[in-house]
Every structure is written in structure tokens, then in C-alpha cells.
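Peer 1: have a look at this prediction, sequence included:
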Amino acid sequence: MSTVYIISAPSGSGKSTLVNELRKWVPNLDFSISYTTRRPRGSEQNGREYFFVPIQDFEEMIARGEFLEYANVFGNYYGTAKRFLEQALQSGRDLLLDIDVQGAAQIKRKIKDAVSVFILPPDKKTLEWRLRNRSLDTEEVIHRRLLTAAKEIENYQSYDYILINDRLEQSIDELKAVVLSERLRRSGAKLSNGDKRILATAERCLLPNIRERLQPILASFALSATPS
């Protein structure tokens with residue numbers, strides 16, 4: 001039985017780096033390459049980071065019901081094709097979805113047992129530095145991304161796990177632990193000491209167990225950590 005993993009994060013939180021590392025170290029994990037109508041940035045290549053398609057082609061795919069989820073972000077479409085889930089189910093492999101909060105909500109409604117992970121920056125100041133340091137956006141776009149980040153972070157309580165991407169190596173270990181721990185739980189196999197350490201690492205990232213660490217991060221975005 002395949003498991004769907006949803007990874008979401010504000011732009012500039014380091015999500016792509018973590019996902020790339022996860023795919024290097026965890027076997028039997030398919031990755032859904034999203035479709036988008038925006039133009040490639042930097043060294044991005046069609047079919048690697050995204051499938052870059054014209055708006056007309058994307059809307060034709062919508063009309064044919066080819067998307068598992070899709071959303072309009074900053075005036076561009078982004079979507080996950082159903083075929084990736086179908087292929088994962090046929091092969092018995094797990095599926096990793098790198099999608100925004102709109103797409104994540106759609107997936108959770110359709111796939112109730114999907115595992116969701118939200119990646120946070122250490123604080124707003126660090127996120128702003130990362131956005132400026134990558135030199136991909138204008139000042140106007142950076143300002144808009146910071147405002148959008150605050151709105152996206154408001155949805156953190158909808159996710160199963162929260163990762164604070166402060167130290168890269170630790171964040172990679174935590175993301176790996178989340179995926180492996182879910183596999184262990186669903187397998188029902190007897191746990192080794194190593195398995196128990198993986199479960200313990202993942203459990204520290206469960207939403208109820210990380211609320212206290214979230215308070216200063218949310219405060220930096222002028223958000224409340226009070227559970228809804």
C-alpha cells in the first residue's frame with residue numbers, strides 16, 4: 001500500500017534542498033513533478049523541477065480532469081497530475097508531493113491518510129535573508145513573498161508534522177525520520193533499537209510536541225501560537 005507524503009513551506013524556507021536530500025537517502029519514494037505556467041528560474045529545467053507549460057495547455061488539462069490538485073499562486077497555475085499517484089499505486093512505491101497549502105488542503109480532502117509536513121524558517125528575518133540571498137526576485141516580489149509566507153504559516157495547524165529548518169543536517173535527519181517512521185508504523189514489524197530512535201526523532205516533530213518551539217517563530221510573523 002502506497003503512502004502519500006505532502007511537503008509544504010513558504011518560498012525560501014529550504015524545502016527544495018530538503019526534498020532533494022530526502023530523495024537521495026530514502027528508497028522506493030516517487031516524486032511528483034508539478035506542472036506550472038510560470039517561466040523557469042535560474043538553472044531550472046523542464047521535466048526536472050517542473051513541467052513548464054503554456055496557460056492554454058494547463059487549462060486544457062484541468063478541463064480533462066487530469067489534475068489531482070491545482071492552484072493559482074501569484075498569477076500562475078501549479079498542479080499535480082493524477083498519473084503520478086496512479087503510477088505509485090501500481091508500483092507499490094510511496095509518493096512525495098511538493099505542493100503549497102492550497103494544494104495540500106485539496107489532497108488531504110481526497111486522501112485522508114496522506115502524511116503532511118510543513119517546513120518553517122527559524123524566523124521572519126532569516127526567511128527574508130534567504131529570499132534576498134538567492135537573488136531571484138525583485139524587492140516588490142520579496143515583499144509579496146513575505147506577506148504570503150505569513151498567510152501560509154497560519155495553516156500550520158493543518159499539518160501532521162512541523163520541521164523548523166534552522167540547521168540543515170538536523171532538518172534532513174528529521175524529514176527522513178518522518179517518512180521512515182510512518183513506514184514502520186504501517187508495516188507493523190517488530191522494532192529494532194534503530195527503528196525506535198527513528199520513531200523518537202519523528203515524534204519530536206509532531207504538531208502537539210513542537211508547539212512550544214513554534215511560539216517565537218510565529219511571533220516574528222506577528223502570528224499567534226494559540227491552538228484553534
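Peer 2: Nice, thanks for sending it over. All values reported here derive from a predicted model rather than from experimental measurement.
Peer 1: check contacts around Phe84.
Peer 2: Asp30, Ser32, Ile33, Leu68, Leu95 (C-beta atoms under 8 Å, 6 or more residues apart in numbering). C-beta coordinates here come from the backbone N, C-alpha and C atoms, glycine included.
Peer 1: contacting residues around the second one?
Peer 2: Okay, so that is Ser32. Ser32 is in contact with Thr80, Ala81, Phe84, Leu85, Leu95, Leu96, Leu97, Asp98, counting by C-beta under 8 Å, 6+ apart.
Peer 1: please repeat the previous calculation with a cut-off of 7 Å.
Peer 2: Neighbouring residues of Ser32 by C-beta atoms under 7 Å, 6 or more residues apart in numbering: Thr80, Phe84, Leu95, Leu96, Leu97.
Peer 1: beta partners of it?
Peer 2: Residues in a beta bridge with Ser32, per DSSP bridges, are Leu97.
Peer 1: A helix includes Pro216, no?
Peer 2: Yes - counting by DSSP: H, G, I helix; E, B strand; the rest coil, Pro216 is part of a helix.
Peer 1: burial count for it?
Peer 2: 11 (other C-beta atoms under 10 Å).
Peer 1: equivalent analysis for the one 3 residues further on, please.
Peer 2: Other residues within reach of Ala219 by the criterion other C-beta under 10 Å amount to 13.
Peer 1: phi, psi of it?
Peer 2: Ala219 adopts backbone torsions of phi -60, psi -30, taken as degrees, to the nearest 10.
Peer 1: for Pro122, what is the enclosing helix or strand?
Peer 2: Pro122 belongs to no helix or strand when assigned by DSSP states H and E.
Peer 1: same question, Ile119
Peer 2: Here Ile119 is assigned to strand 115-120, by DSSP H and E.
Peer 1: which other residues reach that strand?
Peer 2: With contact meaning C-beta under 7 Å, 6+ apart, strand 115-120 is reached by 3, 5-9, 13-15, 18, 104, 108, 153, 156, 159-165, 175, 178, 182, 217.
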